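**Q** What would the 3D arrangement of this be:
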Amino acid sequence: MPFFGELFVSEILKKPVLDPKGEDLGRVKDLVVVKGEPFPKVSALILEKKKKVVYLPWHDLNIFNKRIISSNIYGQDLQKYEFSEEDLIIARDIFDKQIVDANGAKVVRVNDVKLEGFESEAILVAIDVGIRGIMRRLGVERGGEDFMRIFSRDIPYNLISWNYLQPLGPKLSTISLTVPRQMVAELHPADIADIISQVSRREGVTFVKGLDIETAVEALSELETDVQAAIITRMSAEKAADILEEMPPDEAADILSDLPAEKAKEILENIKKDEAEDIQELLSHEEDTAGGLMTNVYVSYPPDTTVRRAIDLFKKDAEEVETVYYIYIVAEEEKLVGVVSLRELLLASLDTKLSDIMHSKLTTVTPDVDEGEVSAIISKYNLVALPVINHEGIMLGIVTVDDIVDRILPPAAKRKRRTV
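**A** The predicted model follows:
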């Protein structure tokens, strides 16, 4: 059994390895890891001597600890090592890579890896994401401890057990982002978006793929448009379509308008026909206009609908609409004739028709009206939603105050919509 106790990988890097006669075989350059139970285990050491890199299998080790590492074979028995992307190598693939600390809703960096002896093997039991790991790699951990003792304080350990880590991709070597999924699901979408923003686009794609559809939609909605587009671009058309189908059509249109034309077309072909048509309609408008700002999902009923019937319908219809401020009253061919607030609906007699309580003097805009004018109208009349109609009075959608706020706050540059 070559290994007892525990150590950190940084403590043995560059440490000499001896043959049975005490001759130097080389210094530890890295450690190769393979899957094991209950944890990944070290399968070999990679040694370097005079720029020659060799491979020392774990079963050929005699002693392995912080003080001494020795082998039961000689230099002529060692094979040259060719670095492979298929191998998981600790210093190369794990050091300085990022993982998600779901408790703190942040991305942290791996500073060191802890090993422990288990049934004659060296297994990976934890990663160090704290200041101790950095100091240990710099060779100043002991000096730092002595310094802190002057102030009667200790340097804290910040270790994350390998139990909480999951490989990012199908290969063990893709460990640059690891996530305890059940903990991430409990985070606020804005926190998940912060995490996605801190990692590479490739890692962000894999991260989003691991979320359930509802959580993925909420998290993507919190991201800047360029990040949304970058992530959706790297997804399969089928997965992207599943996510965009659950988004409000105006948000889905915003994302698709930022994608390469071929990618956007491919995704639209995988979206259900009715929803794809809603998105296509929005894509036909310039983004900095009322048509570009609006959503074409809203609640509307005919004028002769009773309040009782409207309430019953609303309970079902509101589930499919992201934001509901008013009920719009439309005649034949969706011509807008009035509006009723939810407050007015609830206070009215159940047998009253909507035509009797609706406001017919309406403030509306056409889809080509500039977003600045739309903002001014919403502000002037203290509206929470503004109907968008065509020149025949047919209702096309609504611009909500949330849409205006979202447009005003982000610093992202304006862009023109492209029809797909």
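**Q** Would you map out the domains in this protein?
**A** 6-91, 193-283, 300-408 (automatic domain parsing).
**Q** Quick check: which of those domains is nearest to I123?
**A** For those, the distance to I123 is smallest for domain 6-91, at 4.3 Å, taking CB to CB. For glycine as for every other residue, the C-beta is placed from the backbone atoms N, C-alpha and C.
**Q** quick one: low-confidence ranges for the stretch 301-420 of the chain?
**A** Low-confidence segments of the stretch 301-420 of the chain (pLDDT under 70): 406-420.
**Q** and what of the chain?
**A** 1-4, 100-106, 147-148, 151, 164-186, 406-420.
**Q** is it fair to say M247 lies in a strand?
**A** No: judged by DSSP: H, G, I helix; E, B strand; the rest coil, M247 forms no part of a strand; its state is coil.
**Q** how close does it sit to L211?
**A** Distance, M247 to L211, by CB to CB, to the nearest Å: 14 Å.
**Q** in whichever strand in the chain runs longest, what's buried?
**A** Identified as the longest strand of the chain according to DSSP state E is strand 24-34. Burial within strand 24-34, assessed by neighbour count using 16 or more other CB atoms under 10 Å, is assigned to 25-33.
**Q** thinking again about what came up before, highest average neighbour count across the domains of the chain?
**A** Most buried of those by mean neighbour count (mean count of other CB atoms under 10 Å) is domain 193-283; its value is a mean of 19.
**Q** Kindly list the main-chain dihedrals of L282?
**A** phi -70, psi -30 (degrees, to the nearest 10).
**Q** With adjacent residues omitted, what lies nearest to it?
**A** Nearest non-adjacent residue to L282, counting by CB to CB, 6 or more residues apart in numbering: A253, 3.9 Å away.
**Q** The nearest residue to V107 once chain neighbours are set aside and Y328: what is the separation?
**A** Leaving aside its chain neighbours, V107 sits nearest to Q198 (4.2 Å; criterion: CB to CB, 6+ apart). Using CB to CB, Q198 is found at 42 Å from Y328.
**Q** and the helix or strand that the longest strand of the chain is followed by, what does it pack onto?
**A** Using DSSP states H and E, the helix or strand that directly follows strand 24-34 along the chain is strand 41-49. Applying 3 or more CB pairs under 8 Å, 6 or more residues apart in numbering; DSSP states H and E, we find strand 41-49 packed against strand 24-34, strand 52-57, strand 121-128.
**Q** Make CSV from the ones you listed and add distance to I404 to it.
**A** Listed next are these as CSV, based on distance: least, CB to CB, whole Å:
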stretch, distance to I404
strand 24-34, 53
strand 52-57, 61
strand 121-128, 45
